[in-house]
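A.B. asks: test case, fold it:
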Amino acid sequence: MPSAIIVEDEILAAERLRVLLEECQVVLLKTFHHAQPALEWLSVHEVDIVFADIGLPEMDGLEFVGRIKRIAKKQPHVIFTTAYEEHALRAFELAVADYLLKPIKLTRLQTALARVNEKEEEEAGGFTHFKVFSRDRMVEIPWQQARYLLAEHKTVFLFTGDGKSYDLPKTLVHWEEVLGDKVIRVHRNALVFRHTLDCLIRLDDDDDEGNASWGAQVLDIPEPLPISRRQLSAIRRILRDNG
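C.D. replies: Predicted structure coming up:
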């Protein structure tokens, strides 16, 4: 059974969540009414899930999650609880597991717990899909539909074979670590999925082969992606092995 703590300044809301968690067979370790004591506890204890109200006194839930990432011994899954919808996008950017609106319903809580369980299985068995926001709702995109990731202006974009793009949380380095051998870095700001690499394309007319500029042609993507000289030999090796 998963373990959890509640960080909620409203006593009645905390009690309602406690009852629902008991019904879902989640082991509640502690309830905190302020963020700082919860942070101190997390610095020395481990827990699977943190249920955190966004509107905490002294420190809002968004800042609270940022501090958890810095001090927690083991990174827990975070589920936000709030009466307001306007923080949903920011919550997603922090890569929280879910976002529950008060008053919390049992069926919605069960869905959130199922997502946490799914994330645990992904981490144990390998990455399976991206979770992205599209038209104010979360959708899931299997990694096989992705073509490449591009970092621009401190944002990482996911590009798919149908020509769509989505914002992703975290950094390109993070996604490189998560995706592992599924991707190859073609440039300092771009990761391409290996299964989508089609061929190399010369990008210049220079007669000097040593100074040539090359691009990677990616399946379903009209324009080739520039390849750094450092990565050119690795791309050639992948294409040769795939051919």
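A.B. asks: does Ser165 touch Phe157 like I think?
C.D. replies: Yes. Between Ser165 and Phe157 there is a contact under CB atoms under 8 Å: 4.9 Å. Placement of C-beta: from N, CA and C, glycine included.
A.B. asks: which one's more surrounded, these two?
C.D. replies: Counted by other CB atoms under 10 Å, Ser165 and Phe157 do not tie: Phe157 has more neighbours, with 16 against 13.
A.B. asks: list the helices and strands whichever helix or strand the more buried one is part of packs on?
C.D. replies: For Phe157, the host element (DSSP states H and E) is strand 155-160. With contacts taken as 3 or more CB pairs under 8 Å, 6 or more residues apart in numbering; DSSP states H and E, strand 155-160 sits against strand 146-152, strand 165-168.
A.B. asks: so what strands line up beside that strand?
C.D. replies: strand 146-152 (antiparallel), strand 165-168 (antiparallel) (DSSP bridges).
A.B. asks: low-confidence stretches in the protein?
C.D. replies: Residue ranges of the chain with pLDDT under 70: 85-95, 121-125, 206-210, 242-243.
A.B. asks: tell me who's in contact with Ala190.
C.D. replies: Tyr148, Leu149, Leu150, Ala151, Leu225, Pro226 (CB atoms under 8 Å, 6 or more residues apart in numbering).
A.B. asks: for it, which non-adjacent residue is closest in space?
C.D. replies: Leu150 (5.2 Å; CB to CB, 6 or more residues apart in numbering).
A.B. asks: mind listing the residues bridging to that neighbour?
C.D. replies: Beta-bridge partners of Leu150, as defined by DSSP bridges: Phe157, Ala190.
A.B. asks: and for it, the neighbour number?
C.D. replies: Neighbour tally, Leu150, other CB under 10 Å: 18.
A.B. asks: so it touches Phe159, yeah?
C.D. replies: Yes. Judged on CB under 8 Å, Leu150 makes contact with Phe159 at a distance of 6.7 Å.
A.B. asks: looking at the strands paired with strand 155-160, which is buried most?
C.D. replies: Highest mean neighbour count among the strands paired with strand 155-160 (mean count of other CB atoms under 10 Å): strand 146-152, with a mean of 19.
A.B. asks: ok, longest helix in the protein?
C.D. replies: Ranked by residue count, the top helix of the chain under DSSP state H comes out as helix 106-125.
A.B. asks: can you give the distance of that helix from its chain's centre?
C.D. replies: For helix 106-125, the separation from the chain centroid amounts to 14 Å (computed by CA atoms, centre = their mean, to the nearest Å).
A.B. asks: after it comes which helix or strand?
C.D. replies: Downstream of helix 106-125, the first helix or strand assigned by DSSP H and E is strand 129-134.
A.B. asks: quick one: buried residues of the following helix or strand past that following strand?
C.D. replies: Once strand 129-134 ends, the next helix or strand along the chain (criterion: DSSP H and E) is strand 137-142. Judged by neighbour count using 16 or more other CB atoms under 10 Å, the buried positions of strand 137-142 are Ile141.
A.B. asks: let's number from 35 now, not from 1
C.D. replies: Got it, first residue is 35 now, which makes that one strand 171-176.
A.B. asks: quick one: strand 171-176 to strand 189-194, angle?
C.D. replies: Angle, strand 171-176 to strand 189-194, by axes from the mean of the first three to the mean of the last three CA atoms, to 10 degrees: 60 degrees.
A.B. asks: now do strand 171-176: distance to the chain's middle.
C.D. replies: Worked out by CA atoms, centre = their mean, strand 171-176 lies 11 Å from the chain centre.
A.B. asks: give the contact list for the closest residue to Leu143 other than its chain neighbours.
C.D. replies: Nearest non-adjacent residue to Leu143, counting by CB to CB, 6+ apart: Leu54, 5.3 Å away. Contact analysis of Leu54 by CB under 8 Å, 6+ apart lists Ile138, Leu140, Leu143.
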